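Colleague: sequence below, structure please.
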Amino acid sequence: MSQPSIALIFNPAARGEKARSFRESLGQMQDECTLLETTAPGSATDLAAQAIRDGYKTIVATGGDGTVNEVVNGLAKERNGLGQVQLGILPLGTMNVFARELGIPLSAKRAWETIRLGRARAVDLPLARVQTADGQAERCFVQMAGAGLDGDAVGGVSVALKKKIGPLAYLFSTLAALKAKPPRLTATWDGGSARGEWMCVGNGRFFGGPVVLFPDAKLNDGRLDLCVFPRVNPGSVSRGVTSMALGQIGDWPGAVHHRVSELTIDGTAGTRVQADGEFIGTLPVTITLRPRALKVIVPLEK
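Modeller: As a prediction, this is how the structure comes out:
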């Protein structure tokens with residue numbers, strides 16, 4: 001019997017209604033793909049890299065944005081890996097920001113049909129070079145990255161609290177971050193620069209769910225959207241979050257957008273950086289772009 005062309009990477013310990021529904025569908029799926037179970041945070045990266053070496057042509061990230069990020073980094077880790085395979089997404093996470101950006105159905109059944117019957121779309125792949133305890137490191141991301149408030153909210157979240165209350169843990173972490181003195185950040189790029197206390201970089205339009213923070217961003221235009229917030233305090237964040245929820249991004253106090261192909265953000269030592277909702281290191285961070293390097297399966301109409 002020949003090997004299936006699809007490798008499906010998933011966390012067998014995942015909880016929640018979406019995970020339960022997915023497990024109920026495994027009987028049908030396992031006839032068409034090879035199931036690869038993660039064993040610890042980060043293991044999806046190694047599984048994806050190994051799946052390329054084993055000859056799979058479609059690799060499916062089953063989970064939230066963190067799982068997608070791990071799998072994509074595994075694809076990028078292998079020499080010419082991105083050119084050999086296409087990425088499928090079964091969105092079982094809480095926010096599923098990248099899946100929303102691509103128009104992938106949020107139900108496991110319909111997402112699986114997209115993987116089986118959809119088409120490949122080439123999208124840009126950003127690469128962040130950050131500082132870690134072990135020195136400089138590189139990390140791909142697919143949707144967005146940030147330095148300052150969101151980096152502190154992600155990097156400072158309590159793992160124990162996250163297990164108990166889920167996404168609400170990020171709210172408590174954000175409130176704690178707001179009590180600290182905001183960092184002074186400077187972004188530089190070819191022909192320009194900007195200063196502020198919080199900076200976000202978008203590959204797509206969405207940030208933190210179905211909230212548009214980067215209205216002009218496109219996944220395949222070879223550009224990044226830099227959003228600079230000059231001041232960060234409880235009042236400005238409260239007004240800004242309300243504006244985003246209403247789709248009125250222009251109402252965020254003082255927010256300025258720049259379209260760039262690559263950039264460097266530097267500032268207060270130790271300032272945390274997040275990418276796709278995961279803490280990846282500290283400043284300085286340099287972000288470059290590989291145009292249309294990642295092939296993702298999307299619905300035929302997208």
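Colleague: how many neighbours does the closest residue to G118 other than its chain neighbours have?
Modeller: What sits nearest to G118 in space, not counting adjacent residues and going by Cβ to Cβ, 6 or more residues apart in numbering, is I297, at 4.5 Å. Where C-beta positions appear, they are placed from N, C-alpha and C, glycine not excepted. Neighbour count of I297, defined by other Cβ atoms under 10 Å: 22.
Colleague: try D190
Modeller: Neighbours of D190 (other Cβ under 10 Å): 8.
Colleague: list the contacts of it.
Modeller: Listed by Cβ atoms under 8 Å, 6 or more residues apart in numbering, the contact partners of D190 are 260-262.
Colleague: repeat that for R290.
Modeller: Applying Cβ under 8 Å, 6+ apart, the residues near R290 are 82, 124-127.
Colleague: make JSON lines from those and add distance to K181 to it.
Modeller: Shown next, in JSON lines, are these (distance: Cβ to Cβ, whole Å):
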{"residue": "L82", "distance to K181": "40"}
{"residue": "D124", "distance to K181": "34"}
{"residue": "L125", "distance to K181": "34"}
{"residue": "P126", "distance to K181": "29"}
{"residue": "L127", "distance to K181": "30"}
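Colleague: could you tell me which of those belong to strands?
Modeller: Members of the contacts of R290 lying in strands (criterion: DSSP state E): 124-127.
Colleague: P182: which of those is nearest?
Modeller: Closest approach to P182 among those (Cβ to Cβ): P126, at 24.1 Å.
Colleague: per-residue pLDDT of the closest one, please?
Modeller: pLDDT for P126: 98.
Colleague: measure it to V285 for me?
Modeller: Look at P126 and V285: by Cβ to Cβ, to the nearest Å, they are 11 Å apart.
Colleague: point out where the stretch 101-250 of the chain drops to low pLDDT.
Modeller: 158-159, 161-163, 165-172, 240-250 (pLDDT under 70).
Colleague: again, only this time at 90
Modeller: Applying pLDDT under 90 to the stretch 101-250 of the chain flags the ranges 108-109, 149-182, 207-213, 215, 231-250.
Colleague: circling back to that earlier point, confirm that the residue nearest to G118 sits in a strand.
Modeller: Yes. When classified by DSSP: H, G, I helix; E, B strand; the rest coil, I297 is found to be part of a strand.
Colleague: next, give phi and psi for Q274.
Modeller: The phi/psi pair for Q274 (degrees, to the nearest 10) reads phi -120, psi 150.
Colleague: and the residue lying closest to it once chain neighbours are set aside, how far is that from E37?
Modeller: Nearest residue to Q274 in three dimensions, chain neighbours excluded: V154, at 4.0 Å (Cβ to Cβ, 6+ apart). Separation of V154 from E37 (Cβ to Cβ): 26 Å.
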